[in-house]
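Engineer: Next come a sequence and a model predicted from it.
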Amino acid sequence: MAINVRLLDHSSDPIRSLYLAYRTAYSSLTPQRIADQIESEKITRQQMLDFIEKRLETGHASPLEQVWFEFAISGVSRAFSHQFVRHHIGISFEQQSQRYVAFKKGEFPYTIPDTVRDAGFAEKMERAFEQLGELYQEMVESGVPAEDARFLIPNAANTNFKIVVNFLELLHICDLRLCTRAQWEFRQVASQMRAQINRTFPELAKYIQPKCGDKRWGYCDESVEDWQKCPIGKKRPHKKHLFELFDAYRKGEVAPLAEADFKIIEEIGSSVVTPALNAPKPSPPPHLTSSTATLEAPEEPPSTRDEG
Ligand SMILES: Cc1cc2nc3c(=O)[nH]c(=O)nc-3n(C[C@H](O)[C@H](O)[C@H](O)COP(=O)(O)OP(=O)(O)OC[C@H]3O[C@@H](n4cnc5c(N)ncnc54)[C@H](O)[C@@H]3O)c2cc1C
């Protein structure tokens, strides 16, 4: 079964809701008066968006709790759902039950990961699931309750969710689960949530990024080794390098621009080569000499880890 995520419903107007919450915090006006201003279009949509953007830059995040999204999620595995429900603040789940929903004829939908297929194990896995399904059916027919027969059902079995999540928690979940270190299935669900919100509210979807994104923390806090393996690592700095840079700056070791640098600025890309260009090149600042080599991450697929 393919993963499917659909945005079913949301706060009636998330932009208005965010603006009202932020404005209430920073204005002598009552929220009623602010609502009237929005109603009468004294405050434009663009003004609301600009205000929200500025406030978000400060890290004032609690108004995001007042905006909610309702999603239908289907075709995900129990391996995924186990990770999903570990998020518990600002999110409410309803998940298909394996106690009340017995699998008819012992047939359960399941997911086979691409790595299993690529390694040639798909057929063996399918046969094993078929046998488990037959045994499940035999047990249910002999009176074993579905809640106990399900002890046979593997992590690969599919499940469905109907959830409500507030925007603050959605951003947090995507910080972690859009990271290339997250499990592939969770990355796909988080990506589909982002795509769904982007269809209706692109102004909000732009904030839905992995934690290293320019609108989130902006840097990677995974291990340097994992950062080197990450394809996004080429675009985002690692926390360690930011501290190295800060340390070099504090010690006055960050080299100031020299006249030779200005010559490069002036002449780079120009076909006119003047004698000045042949002058010795300035040394790169110390913080870069130590880390430039590691800034280029090798082309390797991201590793994943699991909830265990
Ligand atoms: C890549 C990856 C690998 C993982 N591997 C494992 C693993 O091997 N084993 C394992 O058991 N788990 C693992 N986890 C799960 C992880 O430990 C968390 O359980 C999961 O990310 C949800 O936790 P959260 O704090 O983000 O919860 P959320 O409910 O999403 O929390 C939101 C925020 O609320 C705050 N918060 C939440 N709970 C509390 C609390 N009790 N008290 C105070 N503040 C709170 C925190 O600031 C938190 O960031 C993994 C997660 C990721 C992303």
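Structural biologist: Yes, it's here. Residues are numbered from 1 along each chain as shown.

Engineer: And this structure, what are its domain boundaries?
Structural biologist: In the domain annotation for the chain, the residue ranges read 4-73+160-205, 224-295 (automatic domain parsing).

Engineer: Of the ones you listed, give the one that comes closest to the ligand.
Structural biologist: domain 4-73+160-205 (3.8 Å; CB to the nearest ligand atom). In this view, the C-beta of every residue, glycine as well, is placed from N, C-alpha and C.

Engineer: gap between the two ends of the closest one?
Structural biologist: End-to-end span of domain 4-73+160-205 (CA to CA, to the nearest Å): 18 Å.

Engineer: start at 16 instead
Structural biologist: Sure, I'll start numbering at 16, so the last one becomes domain 19-88+175-220.

Engineer: Next one: Phe182 from His75, what distance?
Structural biologist: Using CB to CB, to the nearest Å, Phe182 is found at 13 Å from His75.

Engineer: Which one's more surrounded, these two?
Structural biologist: The neighbour comparison of Phe182 against His75 (other CB atoms under 10 Å) goes to Phe182, with 26 against 14.

Engineer: could you pull out the strands for the stretch 116-265 of the chain?
Structural biologist: 173-181 (DSSP state E, counting those that start in this stretch).

Engineer: the helices in it, which residues?
Structural biologist: For the stretch 116-265 of the chain, the helices defined by DSSP state H, counting those that start in this stretch occupy 129-133, 137-156, 161-164, 182-192, 199-215, 217-220, 239-244, 254-265.

Engineer: Let me know which of those is tucked in deepest.
Structural biologist: Highest mean neighbour count among those (mean count of other CB atoms under 10 Å): helix 182-192, with a mean of 21.

Engineer: Now distance to Ser96 and mean pLDDT too, for the helices of the stretch 116-265 of the chain, in JSON lines please.
Structural biologist: Listed next are these as JSON lines, based on distance: least, CB to CB, whole Å; pLDDT from 0 to 100:
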{"stretch": "helix 129-133", "distance to Ser96": "19", "mean pLDDT": "97"}
{"stretch": "helix 137-156", "distance to Ser96": "17", "mean pLDDT": "97"}
{"stretch": "helix 161-164", "distance to Ser96": "17", "mean pLDDT": "95"}
{"stretch": "helix 182-192", "distance to Ser96": "13", "mean pLDDT": "98"}
{"stretch": "helix 199-215", "distance to Ser96": "10", "mean pLDDT": "97"}
{"stretch": "helix 217-220", "distance to Ser96": "24", "mean pLDDT": "96"}
{"stretch": "helix 239-244", "distance to Ser96": "25", "mean pLDDT": "95"}
{"stretch": "helix 254-265", "distance to Ser96": "31", "mean pLDDT": "93"}
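
Engineer: Reformat the domains of the chain as JSON lines; add distance to the ligand.
Structural biologist: JSON lines is the format used below for the domains of the chain (distance: least, CB to the nearest ligand atom, whole Å):
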{"stretch": "domain 19-88+175-220", "distance to the ligand": "4"}
{"stretch": "domain 239-310", "distance to the ligand": "10"}
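
Engineer: Return the residues in contact with the nearest residue to Gln152 once chain neighbours are set aside.
Structural biologist: Closest residue to Gln152 apart from its sequence neighbours, by CB to CB, 6 or more residues apart in numbering: Gly121 at 3.2 Å. Neighbouring residues of Gly121 by CB atoms under 8 Å, 6 or more residues apart in numbering: 147-153, 155.

Engineer: For Pro246, state which of those residues is nearest.
Structural biologist: Leu147 (36.9 Å; CB to CB).

Engineer: which ones are touching that closest one?
Structural biologist: 121, 167-169.

Engineer: so which of these would you say is closest to the ligand?
Structural biologist: Closest approach between the contacts of Leu147 and the ligand, by CB to the nearest ligand atom: Pro169, at 19.2 Å.

Engineer: mind listing what that closest one touches?
Structural biologist: Neighbour list for Pro169: 93, 125, 144, 147 [criterion: CB under 8 Å, 6+ apart].

Engineer: If we use 10 Å, what do you get?
Structural biologist: For Pro169, the contact set (CB atoms under 10 Å, 6 or more residues apart in numbering) comprises 92-94, 123, 125-126, 140, 143-144, 147.

Engineer: likewise Ile30?
Structural biologist: Counting by CB under 10 Å, 6+ apart, Ile30 has contacts 53, 60, 63-64, 67, 82, 216, 218-219.

Engineer: Remind me which helix or strand it belongs to.
Structural biologist: Using DSSP states H and E, Ile30 maps to helix 29-41.
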